[in-house]
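**Q** Kindly generate the corresponding structure for this input.
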Amino acid sequence: MEKTKMGLHYEVRESSSSAWDFDDMSTISRHDTIREALDYMINANASPDDDSLYSWCVVKIDENGKVHEVEYEMCDDGMLHSIPRSSELVELAEHEDVEIRQDVASNFYTPPETLALLALDKDWRVRREVAKNSHTPVEVLAKLATDNEYIVRSFVAWNRHTPPETLALLASDKDWRIRGQAAHNPSTPSEILAGLSSDKVIYVRRFVAKNPSTPPDKLVSMAAESPYLVAKNPNTPFASLDTLAEVEDVNVRRCVAENPSTSPTTLAGLASDESRDIRIKVANNPHTTSDTLASMAEDEDSDIREKVAKNPSTSPDALIKLMKDNEYWVSIMAKSNIHGRSDILARLSRDKDWHIRRDVAENPHTPVKILAELALDENRDIRKAVAYNPSTLPETLTQLADDKDREVRWLVAANPHTPPDKLIELARDKDGWPRRATAANPSTPPEILTELALGDDKDICIIAQRNPSYILQNTVEIN
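**A** Down below sits the predicted model:
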């Protein structure tokens, strides 16, 4: 959205994280009043995506374009929630109730200076919440890294926003639990993780083996002790994964099979593993080659064929074969995988099996040129599918409006993209089916809806009178 100079106003903004980072947020709309902004957010049915707790919010912007504060947010319950004012949070930070101070310390709208004061709170539970807060200033986290309570230091080591120098300090903490959190934190520098890889406590070393920031050479040396974790780590080198793919432990081989860094050659070898679970992981891995997937499409296990059918790397030939699979879900997944792949859809549109051609004709992602070709198919079920498809062009629908089959004309009459002149013709079709569909179509011209609503056929009259366009037309006329 193009930025324009405005006075004091309100913006609906979108974020993909649970903490509002104004630099990364995108502006959806701008409004003069907060009421307009809220109405827009509600009417747009704003709701967070599956991986995010918060998605849309209303922010107040001053004349200079500076964000003053977040006014409202829309949470995962689909409801609008007002945000407490900074002044309210500052006041509550001194409340005698420790649970209230904890809530303020964990709130990412709490001002940085207030978080700094709460970091000095006499109750360790308040300081713990400050250590967890993603908006706590780095200098405050640095001070909390020397807190007497291990749980406070532990959460500083856990916080992904803790600076490298502070994590380095925590990595040498006398308490292994603190070192373990530092070893688990992906923000910990690789050289610090390298040192922790030889920690005397095995739990710390396991966290290092699991951390994607651990240097590859250290993961190689840790493979013997923690094969399962190293096999899962995306930073593990090809050579080590190749070796781990040959161990007896099925759990280790399974981790190699699902690791995005595993080489295509290793995945090809695991594709014939005796373990069904491992073959499923290989079939699901997006880095498995099309040749390997083609051979797996022949697997007797339908769950494996289903994973192959879903894999974006599966070749057109394999997908076409899987579309005809006897197992329902295998066929469905293969059909869903061809969306947007015009080369496959073009080939399928000429398939001898009319069921396959119908699937292409029904697919809303099928290119309009292919739909136009399928509109000439001798099989009426193919033409019906094209007539019903929301992506079919008006000129193709115009052609199908004159089809000899009444069911084809019926579906053309029901399609909201059918040109008005053809809807007028279909409203006077000799057969009742097209006339009924035209009466229900919200795109039918007003004068034709009136004609149908006042006609002799009672069923068609009722259908036309219930048409939203007819109701709106008469409401406007009455007003």
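
**Q** alpha carbons only for contacts and neighbour counts from here, please
**A** Noted.

**Q** would you list every one of the strands in the protein?
**A** Applying DSSP state E to the chain gives strands spanning 9-14, 26-31, 56-61, 67-74, 80-82.

**Q** what's the second one packed up against?
**A** When you say that, I think you mean strand 26-31. strand 9-14, helix 34-43 (3 or more C-alpha pairs under 8 Å, 6 or more residues apart in numbering; DSSP states H and E).

**Q** deepest of those, which one?
**A** Mean neighbour count (mean count of other C-alpha atoms under 10 Å) peaks for strand 9-14 among those, with a mean of 23.

**Q** Would you list the strands that that one pairs with, along with their directions?
**A** Sheet partners assigned to strand 9-14 using DSSP bridges are listed as strand 26-31 (antiparallel), strand 56-61 (antiparallel).

**Q** contacts for that strand?
**A** Contact partners of strand 9-14, identified using C-alpha atoms under 8 Å, 6 or more residues apart in numbering, comprise 25-34, 37, 41, 55-63.

**Q** Residue 111 is in contact with residue 88, isn't it?
**A** No: with contacts counted by C-alpha atoms under 8 Å, residue 111 stays clear of residue 88, the gap being 10.7 Å.

**Q** which of the two has more neighbours?
**A** Neighbours per residue, other C-alpha atoms under 10 Å: of residue 111 and residue 88, the larger number sits with residue 111, 18 against 11.

**Q** show me what contacts that one?
**A** Per C-alpha under 8 Å, 6+ apart, neighbours of residue 111: 86, 90.

**Q** backbone phi and psi for it, please?
**A** Main-chain dihedrals, residue 111, degrees, to the nearest 10: phi -60, psi 150.

**Q** So what's the residue count around the closest residue to residue 417 other than its chain neighbours?
**A** Counting by C-alpha to C-alpha, 6 or more residues apart in numbering, residue 417 lies nearest to residue 394, which is 6.0 Å off, once chain neighbours are set aside. By other C-alpha under 10 Å, 18 other residues sit near residue 394.

**Q** Distance of residue 394 relative to residue 64?
**A** The gap separating residue 394 from residue 64 is 48 Å, by C-alpha to C-alpha, to the nearest Å.

**Q** cool, and residue 177?
**A** For residue 177, the distance to residue 64 - C-alpha to C-alpha - is 48 Å.

**Q** and if you look at residue 229?
**A** From residue 229 to residue 64 the distance is 51 Å (C-alpha to C-alpha).

**Q** And the two? Which one has more around it.
**A** The neighbour comparison of residue 229 against residue 64 (other C-alpha under 10 Å) goes to residue 229, with 21 against 10.

**Q** which residue sits closest to the more buried one in space, ignoring its chain neighbours?
**A** residue 210 (5.3 Å).

**Q** so what's residue 134 up against?
**A** Applying C-alpha under 8 Å, 6+ apart, the residues near residue 134 are 19, 108, 159, 160, 161.

**Q** Got the confidence number for it?
**A** On the pLDDT scale, residue 134 is placed at 89.

**Q** got the residue ranges for the helices in the stretch 251-400 of the chain?
**A** 264-270, 276-284, 290-296, 302-310, 316-323, 328-337, 342-348, 354-362, 368-374, 380-388, 394-400 (DSSP state H, counting those that start in this stretch).

**Q** wait, which of those helices is closest to residue 462?
**A** Proximity to residue 462 (C-alpha to C-alpha) singles out helix 380-388 among the helices of the stretch 251-400 of the chain, at 23.1 Å.

**Q** other SSEs contacting that closest one?
**A** helix 354-362, helix 368-374, helix 394-400, helix 406-414.

**Q** Which residues in that helix does the neighbour count mark as buried?
**A** 380, 381, 382, 383, 384, 385, 386, 387, 388 (16 or more other C-alpha atoms under 10 Å).

**Q** could those go into a markdown table alongside distance to residue 246 and pLDDT?
**A** Listed next are the buried residues of helix 380-388 as a markdown table, based on distance: C-alpha to C-alpha, whole Å; pLDDT from 0 to 100:
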| residue | distance to residue 246 | pLDDT |
| --- | --- | --- |
| 380 | 55 | 96 |
| 381 | 52 | 97 |
| 382 | 50 | 97 |
| 383 | 54 | 97 |
| 384 | 54 | 97 |
| 385 | 50 | 97 |
| 386 | 51 | 98 |
| 387 | 55 | 97 |
| 388 | 53 | 96 |
